[in-house]
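Trainee: sequence-free structure coming up:
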């Protein structure tokens, strides 16, 4: 940990020669980016609301496949579900534009050769999140519904409420989407010189332990084979993150790039 703190201080010191901004300029830039991001979010929510019937069917599909439907326990449950669906899917639809606003906010503190990563950054961030969400929707949720309801819960009556099911659905989808962002986190840590591929290689034991702990939580089946199946994508992403870390680390820059 002290080594990581020292590297962070060195990375900050290395950037003191970049064009500076006053506190008010930073706040004004933040305000503009937040306003733009909010506008994109509202537009995304409008699109999601327009297709809310299709999206609600999409959310409920893992239940419909085993012959069940969500149950209302309060008159406002359906309305709340429509609003929540519009917000979540609207944020997903608008995520490329929102991420671009984030990039525009942090880019003044980056060198010119680092700004070229904007397209790979956005493509990887959105793509990995969608890949994790798809993995959860295609494999985790159907397996969980069959295991938890048809196998473990076969001797009980089933009343799956809207609130409980959507909470479980979002936990799986968003949780796996965020887990799949691991290479992006490793990318930024290495880009700014906070760590490197050697550090990630050295900590591989702890990384594998953490990945299998996460897999044991999200995996609906508790046998070793199923957990290995769920851990495999994240192990692969960790290896990809190590390669990305090696590629973008400041130590690989040429003298010309360092002088840029």
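Mentor: That came in fine, so what should we check first? Bear in mind that the values here come from a model prediction, so they are computed numbers and not experimental data.
Trainee: ok, now which ones touch residue 183?
Mentor: Each residue near residue 183 by CB atoms under 8 Å, 6 or more residues apart in numbering is listed here: 124, 128, 237-238, 240-241, 244. All C-beta spots, glycine's among them, are computed from the backbone N, C-alpha and C.
Trainee: isn't residue 207 right up against residue 200?
Mentor: Yes - here residue 207 reaches residue 200: they are 7.2 Å apart, a contact under CB atoms under 8 Å.
Trainee: Next, show the common contact partners of those two.
Mentor: residue 238.
Trainee: what's the burial count for residue 32?
Mentor: 13 (other CB atoms under 10 Å).
Trainee: Let's see the pLDDT reported for it.
Mentor: Residue 32 carries a pLDDT score of 89 in this model.
Trainee: and the helix or strand it falls within, what does it pack onto?
Mentor: Residue 32 belongs to helix 23-50 when assigned by DSSP states H and E. Helix 23-50 sits against helix 77-106, with contacts defined as 3 or more CB pairs under 8 Å, 6 or more residues apart in numbering; DSSP states H and E.
Trainee: and the residue located most distally from the centre of the chain, helix, strand or coil?
Mentor: What lies farthest from the middle of the chain is residue 155; by CA atoms, centre = their mean that is 36.8 Å. Per DSSP: H, G, I helix; E, B strand; the rest coil, the secondary structure class of residue 155 is coil.
Trainee: swap in residue 195?
Mentor: Assigned by three-state DSSP, the conformation of residue 195 is coil.
Trainee: Give me the nearest residue to residue 170, chain neighbours excluded.
Mentor: residue 88 (6.7 Å; CB to CB, 6 or more residues apart in numbering).
Trainee: now the end-to-end length of stretch 191-208.
Mentor: 23 Å (CA to CA, to the nearest Å).
Trainee: same deal with stretch 142-162?
Mentor: Stretch 142-162 end-to-end distance (CA to CA) = 17 Å.
Trainee: before we move on, what about stretch 141-159?
Mentor: 17 Å.
Trainee: What score does the residue farthest from the centre of the chain have for pLDDT?
Mentor: At residue 155, pLDDT is 86.
Trainee: Now do the phi/psi pair for it.
Mentor: Dihedral pair for residue 155: phi -90, psi 10, per degrees, to the nearest 10.
Trainee: Distance of it relative to residue 149?
Mentor: 11 Å (CB to CB, to the nearest Å).
Trainee: before we move on, what about residue 197?
Mentor: 44 Å.
Trainee: so where's the stretch 1-150 of the chain uncertain?
Mentor: 1-23, 108-115 (pLDDT under 70).
Trainee: Let me see the contact set for the spatially closest residue to residue 98 that is not a sequence neighbour.
Mentor: Leaving out its chain neighbours, the residue that sits closest to residue 98 by CB to CB, 6+ apart is residue 37, at 4.7 Å. Listed by CB under 8 Å, 6+ apart, the contact set of residue 37 reads 94, 97-98, 101-102.
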